[in-house]
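Asker: Give the three-dimensional model of this entry:
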Amino acid sequence: MKSICFYFQVHQPFRLKQYRFFDIGRNHNYFDDLQNEWICRRVAQKCYLPANRLILDLINENGGAFKVAYSISGVALDQFERFCPEVIDSFKELAKTNCVEFLAETYTHSLSSLKSKQEFVEQVRIHSEKIEKLFGKKPKVFRNTELIYSDEIGNMVADMGFIAQLSEGAKHIMGWRSPNYAYKHAWREDLKLLLKNFQLSDDIAFRFSQHSWDGFPLTTEKFVGWLNQIDNPQCINLFMDYETFGEHQWKETGIFEFLKYLPSQVLSSSNFSFNTPTEIANTLSPVDKVYVPYPISWADEERDLTAWLGNDLQDDAFEQIYNFEEKVRKLDDINFWIDWRYLQTSDHFYYMCTKWFSDGDVHKYFNHYDSPYEAFMNYVNVLSDLRMRLDDALIISYLPDAEKTRESLQKKEDKQIEEKKQKTKKDNTIKKIAPKTKTNNAKKATTTTRKRKE
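Answerer: Numbers count the residues shown, from 1 in each chain. Here you go, the predicted structure:
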């Protein structure tokens, strides 16, 4: 079996409002609801809704032979529910076809897998439960934020019971090997790896409308011709942002027309079939183990973590947000959970990236700040306010609650009243005894005087 696995990432962060130094301690609303709603609605109209309609039509037109997979971040789902619930409804329609698979990931599209195992596991659990509640099936395959993967992360994923994980077919990891096969974890036999073919994926996601590219214009015939030239593949994994369709590549580029005719061209002019990640994981046998001692991702030329971590701004902000974990868990307050987890979203660190070389234009496109330093200052101002709120709440939590305080004061008052009664009773007893003692002493003194005279 030769398979094509189409996987789409769906994600929208909760962007921060402009948060100045003088807002610290005064304003506890960190997120720009107006901008987030505007962007969410815009992308829904340009990408999510028309792309979902097209995918649904293609599934029906091809008798269920066309299949795709999605991972939708929890923060994206939260925004859809608030700002455009029709997007959720359109994904539910896709779920009913049984030709669409929904994958698990971290709820807030966070980097928790690099810092806190407990937080990582909890976010994945919460996200899986959300996906099952909305779309009726519990995810079996995992994709980490930005396809970040390492041997240690894979081990945690296997412990959570997932049968496969998606990652990047990075050159420095694969060496001479091809990403067009199923692989497995370095030491866990129960976790298969599906690796992105970055060349073909990026031909669609990034180079589709690039006039200087020697493959321009990209047609379905040309693309399927490239697929047929690949030597004896098991699976071609085409992983990309869903926003490729209509947002990153505008409708005017012909991207929707390309997607519209691709399935029929593949099915009629090649030996490939479309399969979901679970179908591939259940069918294909891994050809080899993949050793990834250090984390990789699908970002930039380096395929490493430097899009989010590595410079002083990013590293400082990253350390600060996870230093709050112990306090948040101790308080266990829903408002702190929401703020803390939304602030973990990887986009906040992406905005602080100082790489302005080969990938600079990509970073600028996704960044609404004028500079990485501005992004950093805005973020740490928010963290300063959150820190103050957490510290104040902890101080209050250490105080006894009002009911216990009242009980304690009442017991103390009752004890004082009882002690006063006992003291009064004792004093009265002494007064009664005192006169008799005086009289007896007087009689003794008189008797002694008489004896002396005699």
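Asker: host element of the residue most central in space within the chain?
Answerer: What sits nearest the mean C-alpha location of the chain, by CA atoms, centre = their mean, is residue 108, with 2.4 Å. Assigned by DSSP states H and E, residue 108 belongs to no helix or strand.
Asker: That one and residue 245, how far apart?
Answerer: 24 Å (CB to CB, to the nearest Å). Yep, even glycine has a C-beta here, placed from its N, CA and C like the rest.
Asker: hang on, the earlier thing: tell me who's in contact with the residue nearest to the centre of the chain.
Answerer: By CB atoms under 8 Å, 6 or more residues apart in numbering, the residues touching residue 108 are 73, 74, 75, 123, 341, 342, 344, 345.
Asker: Would you map the strands across this structure?
Answerer: Using DSSP state E, the strands of the chain run over residues 2-10, 68-72, 100-102, 141-143, 164-168, 182-184, 192-196, 235-241, 272-274.
Asker: The longest one relative to strand 68-72, how many degrees between them?
Answerer: Looking back up the chat, that one is strand 2-10. 20 degrees (axes from the mean of the first three to the mean of the last three CA atoms, to 10 degrees).
Asker: Quick one: residues in contact with strand 2-10.
Answerer: With CB under 8 Å, 6+ apart, strand 2-10 has contacts from 48, 67-73, 76, 103, 143, 166, 194, 227, 233-244, 266, 270-277, 279-280, 283-284.
Asker: quick one: contacts for residue 178?
Answerer: Residues near residue 178 by CB under 8 Å, 6+ apart: 169, 233.
Asker: One more: residue 40?
Answerer: 12, 79, 80, 83, 84.
Asker: How many residues are close by residue 111?
Answerer: Using other CB atoms under 10 Å, residue 111 has 27 neighbouring residues.
Asker: Assess the claim that it and residue 344 are in contact.
Answerer: Yes. The pair residue 111 / residue 344 is scored as a contact, 7.1 Å apart, by CB atoms under 8 Å.
Asker: which one is residue 86 nearest to, not counting chain neighbours?
Answerer: Leaving aside its chain neighbours, residue 86 sits nearest to residue 49 (6.8 Å; criterion: CB to CB, 6 or more residues apart in numbering).
Asker: And the pLDDT for that neighbour?
Answerer: Per-residue confidence (pLDDT) for residue 49: 98.
Asker: Please renumber the chain so that the first residue is 14 from this point on.
Answerer: That works, and once the first residue is 14, the last one we named lands at residue 62.
Asker: Now do the same contact list for it.
Answerer: 99, 100, 103.
Asker: With residue 259 instead?
Answerer: So residue 259 contacts 56, 59, 60, 63, 64, 268, 269 (CB under 8 Å, 6+ apart).
Asker: repeat that with 7 Å
Answerer: 59, 60, 63, 64, 268, 269 (CB atoms under 7 Å, 6 or more residues apart in numbering).
Asker: can you pick the most crowded of these?
Answerer: residue 60 (25 neighbours).
Asker: lowest confidence element among the helices and strands of the chain?
Answerer: helix 373-378 (a mean of 48; mean pLDDT, DSSP states H and E).
Asker: Measure how buried the closest residue to residue 91 other than its chain neighbours is and give me the count.
Answerer: Leaving aside its chain neighbours, residue 91 sits nearest to residue 27 (7.8 Å; criterion: CB to CB, 6+ apart). Neighbour count for residue 27, taken as other CB under 10 Å: 24.
Asker: got a list of what residue 27 touches?
Answerer: Per CB under 7 Å, 6+ apart, neighbours of residue 27: 44, 49, 88, 355, 358.
Asker: Okay, domains of the protein per the record?
Answerer: The chain is divided into the following domains under automatic domain parsing: 15-296, 325-411.
Asker: could you redo the contacts of residue 121 as TSV and give each row neighbour count, distance to residue 229 and pLDDT?
Answerer: Shown next, in TSV, are those (neighbours: other CB atoms under 10 Å; distance: CB to CB, whole Å; pLDDT from 0 to 100):
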residue	neighbour count	distance to residue 229	pLDDT
86	23	31	98
87	22	37	98
88	23	34	98
136	24	40	98
354	23	42	98
355	21	39	98
357	26	39	98
358	26	34	98
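Asker: what sits against the closest residue to residue 243 other than its chain neighbours?
Answerer: The shortest distance from residue 243 to any non-neighbouring residue, by CB to CB, 6+ apart, is to residue 193 (6.2 Å). Going by CB under 7 Å, 6+ apart, residue 193 touches 210, 243, 246, 247, 248, 249.
Asker: hmm, try it at 10 Å
Answerer: Taking CB atoms under 10 Å, 6 or more residues apart in numbering as the criterion, residue 193 is in contact with 15-16, 182, 208, 210, 213, 243-250, 300.
Asker: circling back to that earlier point, let's see the ChimeraX selection covering just the buried ones among the contacts of strand 15-23.
Answerer: Here is the ChimeraX command that selects the buried residues among the contacts of strand 15-23 (16 or more other CB atoms under 10 Å):
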select :61,80,81,82,83,84,85,86,89,116,156,179,207,240,246,247,248,249,250,251,252,253,254,255,256,257,279,285,287,288,289,290,292,293,297
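Asker: Quick check: closest non-adjacent residue to residue 277.
Answerer: Sequence neighbours aside, residue 75 is the residue nearest to residue 277 in space, at 6.8 Å (criterion: CB to CB, 6+ apart).
Asker: Let me fix that, I meant to ask about residue 291.
Answerer: Nearest non-adjacent residue to residue 291 (CB to CB, 6+ apart): residue 153, at 5.0 Å.
Asker: where's that neighbour relative to residue 287, distance?
Answerer: In terms of CB to CB, residue 153 sits 18 Å off from residue 287.
Asker: Then residue 230?
Answerer: Taking CB to CB, one finds residue 230 at 24 Å from residue 287.
Asker: Turn the strands of the chain into TSV, including distance to residue 263.
Answerer: Output for the strands of the chain, formatted as TSV (distance: least, CB to CB, whole Å):
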stretch	distance to residue 263
strand 15-23	17
strand 81-85	21
strand 113-115	25
strand 154-156	26
strand 177-181	26
strand 195-197	35
strand 205-209	24
strand 248-254	14
strand 285-287	25
